[in-house]
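>>> Sequence first, predicted model second:
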Amino acid sequence: MEEMTLNKDQTEKKRTIVNKLVNSGINITPSILEFVLNLEKPMEDLNLIIKETSFIPDFKSHLTEKVLTKISNDQIQKVLKRKVISPKAHINENKMKNRDLPTIVSDNLNLKKLREDPNPLAAPYNNQLIQIKKISQSDSNTSLTNDISIEKKIEVKPFGSTKSSFAFNPIAKQYSSDYKILTDPTGKLFTTGEYEDFYDYTVDKFNKLRMMMRKRSDVLSATNINNILRLTNSAEVSTIGLVSNMHQTKNNNYLFNLEDLTGIVNVLVRKDSEKEENFKTIQRTVNDQMVYVEGTYSPGEKGKKGIIFVNYITKIDIPTDFKPSISTDPLSIALISDTHIGSKEFEETLLKRFINFLNGKIGDKNIRMMAGKVKYLVINGDLVDGIGVYPKQHKDLSISDIYQQYKRAAEILAEIPEYIKIFYTSGNHEPVRNAIPRPAVPKKYCEDLVNFGITCIGNPSMIETHNVKTLIYHGESMHDMNMLIHDLDINKPTEIMKELLICRHLAPVYGEKTQIAPTNKDWLLIEKIPDIFHTAHVHINGLGYHRNVSLVNSGCFQAQTDFMKSFGIVPTPGIVPIIELDTMKPFELDLKTNR
């Protein structure tokens, strides 16, 4: 019975291996199949074999012992040296090579004939430099700044008109798309602009933020503000509420109101060297954020309101033990935004170079291996420059018709490989309402994009790709946060993103420059913790982490305009962040080098 079970397991393992090779367009003999089964980690090593063979110039879809000797893996070479493969294998392999239609020796697994890859042609290299930057996470609970070390600079040597000897066999093509749209406000944004809408929005925001705060073990003692206001003697208290009317006193202390659904209480945070952490927290707090405070409540005298003198203050934040989900498949997601097609400053050459990268037409083996892993692409808003977005915009346009802007966008994006799934969210330059949350771009504008498989979603949205959750938000509120918190810098967008995660809201301040629609549900809450947080809008590239959440601001494909100059924005066009879904390692691909 035990022997039968072992045989069944072995047969199932063989079936899995052969199926994977069939899907990859690779032939295998029984002897090579036995070789793979004898590897220490057959499934892991099989993925490596499939990847490596795609870059062997003389590989013709037949997996042979000679091909295996070219695989750069110690375990594979050790097994080869033990001569696991029998002499008969060479005969079988030679027979396989002489067949006009390649078939697989299926070991009674009833597998059909393989189809040749219809597009195995190698593409010519471009004479250019491509720079890769890599970020490593030395401490999972430490936020990394934008100062990202350069791992290596790779020179792509020119070949003139000669085609590359490397065939581009993207591993991402072997996998079906596996994605879900977890949240999308499109079709669910109803508001009349009446008082009730503003009230419902605020109550929904408060209740959900309070629920998130209540999950922290250190806030369980919090009571309603009304219970505190009833006290007639000084007492130690703790409570949760939204901040309002915050200002600094003449003694440089911070005084603000804290409000919940039962009342409002005054709160004072002293500038105290012994409680420096409290002061740092309040300096990075803005109106309408939720905080938890502990302190001494002093009732008012002679009709004056009471006040809480703070001993401890904190925000919701991401749990310290958060662990991101990862994919079991060796795939990647590329994150771009702000192409601004239709603008005179649109960097079309850079965008086309990125598309050439996705097609395996530039770079050496390592660059092309990275390109071959890209299964998903997110375009986070401002695909087109739009019409009438800012004063005198028409002077900056090369295409002054919104339909023609989308037509040009479709012509460019049509060159992206079909196996790459594309998501496109709406930014502040798209032909939708300016207030957030905003719906997806209507099909009447971008019908060509929809027809060749691009999925249009609203902003913000959350998607799940091969088990990894990505929160996509264009980032309008980042300007407000930068202006209101004195030590933030718009040139370091991941620091601003970190603050949004800490307060668990994408636009915590109401009534500043960011237009927020009063819907009965607050779509800007960060209820589900993302594995990747992707923003855009400020046109400045940035990578970082906060408590194991990967932070990506995706830069742009537009040179500096006069409008940007007026805001002091110096863009970083042509830098593309790519994240490996199986390792969560991020890379930056710099397409500008040696333009």
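Noted; the coordinates are in hand.
>>> Let me see the domain layout of this protein.
2-97, 131-188+321-590, 217-314 (automatic domain parsing).
>>> ok, now how distant is residue 471 from residue 535?
9 Å (CB to CB, to the nearest Å). The C-beta positions use only the backbone N, C-alpha and C, and glycine is treated the same way.
>>> Could you list the low-confidence segments of the chain?
By pLDDT under 70, the weakly predicted segments of the chain are 1-9, 22-25, 51-61, 72-166, 303, 594-595.
>>> Can you tell me how far the residue of the chain positioned farthest from its centre is from residue 26?
In terms of distance from the mean C-alpha position of the chain, residue 302 ranks first, at 55.9 Å (CA atoms, centre = their mean). Per CB to CB, residue 302 is found 87 Å from residue 26.
>>> what number of residues lie near residue 479?
18 (other CB atoms under 10 Å).
>>> downstream neighbour of whichever strand or helix holds it in the secondary structure list?
Under the criterion of DSSP states H and E, residue 479 resides in helix 478-484. Sequence-wise, the next helix or strand downstream of helix 478-484 (DSSP H and E) is helix 493-503.
>>> what's next to that following helix, contact-wise?
With contacts defined as CB atoms under 8 Å, 6 or more residues apart in numbering, helix 493-503 is touched by 143-146, 284, 289-290, 315-318, 475, 477-478, 481-482, 485, 488-490, 506, 508, 526, 533, 535, 538, 540, 542-544, 546-547, 549, 551, 553.
>>> and residue 315, what is it in contact with?
Per CB under 8 Å, 6+ apart, neighbours of residue 315: 281, 285, 289-292, 502-504.
>>> and if we set it to 6 Å?
291, 502-503 (CB atoms under 6 Å, 6 or more residues apart in numbering).
>>> just residue 469 next, same as before
Residue 469 touches 530-531, counting by CB under 6 Å, 6+ apart.
>>> Use 41 as the first number for this chain going forward.
That works, and once the first residue is 41, the last one we named lands at residue 509.
>>> So in terms of bridging, what pairs with residue 219?
residue 505 (DSSP bridges).
>>> wait, I meant residue 306
Applying DSSP bridges to residue 306, the residues it is bridged with are residue 297, residue 347.
>>> wait, residue 549 sits on residue 326?
Yes: when contacts are counted by CB atoms under 6 Å, residue 549 is listed as touching residue 326 (5.0 Å).
>>> For the two, indicate the residue with more neighbours.
residue 549 (20 against 17).
>>> Help me confirm that the residue farthest from the centre of the chain is found in a helix?
No: under the criterion used here (DSSP: H, G, I helix; E, B strand; the rest coil), residue 342 is coil, not part of a helix.
>>> Need the contacts of residue 355 in TSV (columns: neighbour count and distance to residue 81).
Converted to TSV, those look like this (neighbours: other CB atoms under 10 Å; distance: CB to CB, whole Å):
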residue	neighbour count	distance to residue 81
331	24	49
542	22	40
543	23	43
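>>> Adding distance to residue 610, write these out as JSON lines.
Below are these laid out as JSON lines (distance: CB to CB, whole Å):
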{"residue": "331", "distance to residue 610": "34"}
{"residue": "542", "distance to residue 610": "27"}
{"residue": "543", "distance to residue 610": "28"}
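>>> the longest strand in this protein is where?
Looking across the chain with DSSP state E, the single longest strand is strand 275-288.
>>> Just the residues contacting it, thanks.
250, 253, 261-263, 265, 268, 294, 296-300, 325, 327-332, 334, 336-337.
>>> hang on, the earlier thing: pull out the buried members of the contacts of helix 533-543.
Listed as buried from the contacts of helix 533-543 are 183-184, 186, 324, 329-330, 355-358, 515, 517-518, 521-522, 525, 528, 530, 546, 548, 566, 573, 575, 578, 580, 582-584, 586-587, 589, 591, 593; burial here means 16 or more other CB atoms under 10 Å.
>>> Can you list which of those are found in strands?
Using DSSP E, these in strands are 330, 573, 575, 582-584, 586, 589, 591, 593.
>>> With distance to residue 317 added, can I get those in CSV?
Output for those, formatted as CSV (distance: CB to CB, whole Å):
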residue, distance to residue 317
330, 18
573, 24
575, 27
582, 26
583, 27
584, 21
586, 17
589, 22
591, 23
593, 27
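>>> Closest to residue 77 out of the residues you listed?
The nearest member of these to residue 77, counting by CB to CB, is residue 589 at 39.5 Å.
>>> what's across from the closest one in the sheet?
residue 586.
>>> can you check the one 5 residues further on too?
Each beta-bridge partner of residue 594 is listed here: residue 581, as defined by DSSP bridges.
>>> Next, count neighbours for the closest residue to residue 602 other than its chain neighbours.
Among residues not flanking residue 602 along the chain, residue 436 sits closest, at 7.4 Å (CB to CB, 6 or more residues apart in numbering). For residue 436, the tally of surrounding residues (other CB under 10 Å) stands at 18.
>>> how about residue 436, what does it touch?
383-384, 601.
>>> Now it. Its backbone dihedrals?
phi -100, psi 0 (degrees, to the nearest 10).
>>> cool, residue 390 as well?
phi -70, psi -40.
>>> Check whether it really touches residue 599, as I assumed.
No: Residue 390 is beyond contact range of residue 599, at 9.5 Å (criterion: CB under 6 Å).
>>> okay, those two: which has more neighbours?
residue 390 (22 against 17).
>>> returning to what we had before: tell me which of the domains of the chain is the most buried.
domain 171-228+361-630 (a mean of 19; mean count of other CB atoms under 10 Å).
>>> gap between that domain and the chain center?
7 Å (CA atoms, centre = their mean, to the nearest Å).
>>> What separation do you get for residue 543 and residue 627?
Relative to residue 627, and taking CB to CB, residue 543 is found at 29 Å.
>>> Quick one: distance of the helix or strand where residue 83 lies to the chain centre.
In the assignment (DSSP H and E), residue 83 maps to helix 82-93. Distance, stretch centre to chain centre, for helix 82-93: 26 Å (CA atoms, centre = their mean).
>>> tell me which strands and helices that helix is in contact with?
Using 3 or more CB pairs under 6 Å, 6 or more residues apart in numbering; DSSP states H and E, no helix or strand is in contact with helix 82-93.
>>> so what does the helix or strand following it touch, helix or strand wise?
Later in the chain than helix 82-93, the nearest helix or strand by DSSP H and E is helix 105-108. If you count contacts as 3+ CB pairs under 6 Å, 6+ apart, helix 105-108 packs onto no helix or strand.
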